[in-house]
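>>> Please work out how this folds:
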Amino acid sequence: MKISCLQENLIKGLSRVQRAVANRTTLPITQNVLLETEQGRIKLVATNLEIAITSWIPARIDEPGLITVPARLFTDLVNSLPPGQIDIESTEEPLGINIKTGEVNSQLNGLDPSEFPPIPSVDDGIVCELESQFLKTAIDHVAFAAATEESRPVLTGIKVDVNKNNITFAAADGFRLAVYTGTLETEFDGVLDFVIPSRGLQEVNRLIESTEETVQLTITPSKSQAVFHLENAEVVTQLINGEFPPYQTLVPDKHETLAKINVSDFFSASKTASIFARDGSGILRLLFEPNTKDDKGNITITSKSDEVGESTNTISADIEGSKNQIAFNNKFLTDVLGILKQKDIELLVTSSSAPGLIRPIGENESYKYVIMPMFVQW
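Below is the predicted model:
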């Protein structure tokens, strides 16, 4: 292999794939990155056996070939080089690559590429096309609600339901539920559902470079893997087996109190209260005072720690229904308020022992966030 490319392009390609490099593994070659020439470009591949990321960068190919080298060492070396052309040539003794740029000449030892795990290539399967900005927004709105503990593996994933031109993403960790619904670029003929690891979708989100980009999603016929093909990258991830909870039944269908709240005001007050909630079991207490004939209602947000102190913050809100109260985990509340871009939301509450529902105003119910209450002494 004998190739030349720009240092800045190589850095970009390595940054795309580095998150798939294995940290701790019994298979040392998964700590390497595969360099391969393909159709006049350099293909970079990394995998930890659960997820694989491929990136393509422009290059001049003098001699085709392939080799694997330690990913982090290679990335550190390329980062240290000055901008401009880099010449890379594979060597047999020792097996690896020689890297030249300006006055710098480095030899990096590698491993036999035949030992690198094969990356699935999907020639057939179930295909959907997603507008990149929609996909990015959907991932932002649900991925944070997926479980991080492995006690129930299916909850570490995101449930995806496709029905004709509608697609829904849902994540739940047992304490909260986030659901985002939108439309496909082209109508899908049939019904499809699967659970994809949250981490896999977050890597796709990181790789989206353009708002005009269309992301092609392919599900293998066996429904064991998903492939996301972007403009200059591809992500392959294993799907999760298991029965995802029937999330549609978890969304409250009634309420006693409906509060229309400014997101910025609510987020600011909740963050302030969270300073004290961190030392008080993460509890934020919300007290709802409905509108009067003359004025809007208000929400009083309180938190208390016996060792640190307490905080009380009152914000104005348009509140219909009865007086109510509920307690939420501060992280679960501020997580969702921090990602919402809308000006106002609705918070629907039934009682202090029933889930609350948050949804943006004017979004045709495309997003719903259900948060379980905390049981406290009032």
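
>>> mind listing the helices in this protein by residue range?
7-17, 71-80, 132-142, 198-207, 263-277, 330-339 (DSSP state H).

>>> Pipe these into CSV and attach mean neighbour count per row.
Using the backbone N, CA and C atoms, a C-beta is placed for each residue, glycine as well. Shown next, in CSV, are the helices of the chain (neighbours: other CB atoms under 10 Å):
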stretch, mean neighbour count
helix 7-17, 20
helix 71-80, 16
helix 132-142, 20
helix 198-207, 22
helix 263-277, 19
helix 330-339, 19
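
>>> Lys323: which of these is closest?
Set against Lys323 and scored by CB to CB, the helices of the chain come closest in helix 263-277, at 18.5 Å.

>>> Need phi/psi at Thr186.
Phi and psi for Thr186, reported as degrees, to the nearest 10, are phi -130, psi 140.

>>> same for the lowest-mean-pLDDT helix or strand in the chain, what does it pack against?
Ranked by mean pLDDT, DSSP states H and E, the helix or strand of the chain with the weakest confidence is strand 126-131, at a mean of 85. Here strand 126-131 touches strand 214-219, going by 3 or more CB pairs under 8 Å, 6 or more residues apart in numbering; DSSP states H and E.

>>> List the contacts of the strand it packs on.
122, 125-132, 135, 185, 192, 194, 204, 208, 225-230, 239 (CB atoms under 8 Å, 6 or more residues apart in numbering).

>>> pull the CA atoms of it into PDB?
Extracted as PDB, the C-alpha positions of strand 214-219 are listed here (Å, rounded to 0.1, in the frame of the first residue of the first chain):
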ATOM      1  CA  THR A 214     -30.100  11.800   4.100                       C
ATOM      2  CA  VAL A 215     -29.300   8.800   6.300                       C
ATOM      3  CA  GLN A 216     -30.100   5.400   5.000                       C
ATOM      4  CA  LEU A 217     -31.000   2.800   7.600                       C
ATOM      5  CA  THR A 218     -30.800  -0.800   6.700                       C
ATOM      6  CA  ILE A 219     -32.000  -3.700   8.900                       C
END
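
>>> quick one, it and helix 132-142 angle?
Strand 214-219 runs at 60 degrees relative to helix 132-142, counting by axes from the mean of the first three to the mean of the last three CA atoms, to 10 degrees.

>>> can you give me how far strand 214-219 is from the chain middle?
Mean-position distance between strand 214-219 and its chain equals 16 Å (CA atoms, centre = their mean, to the nearest Å).

>>> between that strand and strand 126-131, how many degrees?
160 degrees.

>>> Let me know the angle separating strand 214-219 from helix 198-207.
160 degrees.

>>> Direction included, what does strand 214-219 pair against?
strand 126-131 (antiparallel), strand 225-229 (antiparallel) (DSSP bridges).

>>> got the contact list for the residue nearest to Leu284 when sequence neighbours are not counted?
Distance criterion CB to CB, 6 or more residues apart in numbering; nearest residue to Leu284, sequence neighbours excluded, is Asn330 at 4.8 Å. By CB under 8 Å, 6+ apart, the residues touching Asn330 are Ser270, Ala273, Ser274, Ala277, Arg278, Gly282, Ile283, Leu284, Ser303.

>>> Let's have those residues in JSON lines, adding distance to Thr26 and pLDDT.
Output for the contacts of Asn330, formatted as JSON lines (distance: CB to CB, whole Å; pLDDT from 0 to 100):
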{"residue": "Ser270", "distance to Thr26": "44", "pLDDT": "95"}
{"residue": "Ala273", "distance to Thr26": "46", "pLDDT": "93"}
{"residue": "Ser274", "distance to Thr26": "41", "pLDDT": "92"}
{"residue": "Ala277", "distance to Thr26": "42", "pLDDT": "87"}
{"residue": "Arg278", "distance to Thr26": "39", "pLDDT": "80"}
{"residue": "Gly282", "distance to Thr26": "38", "pLDDT": "91"}
{"residue": "Ile283", "distance to Thr26": "43", "pLDDT": "93"}
{"residue": "Leu284", "distance to Thr26": "44", "pLDDT": "95"}
{"residue": "Ser303", "distance to Thr26": "46", "pLDDT": "93"}
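
>>> quick one, domains of this structure?
2-115, 126-248, 251-371 (automatic domain parsing).
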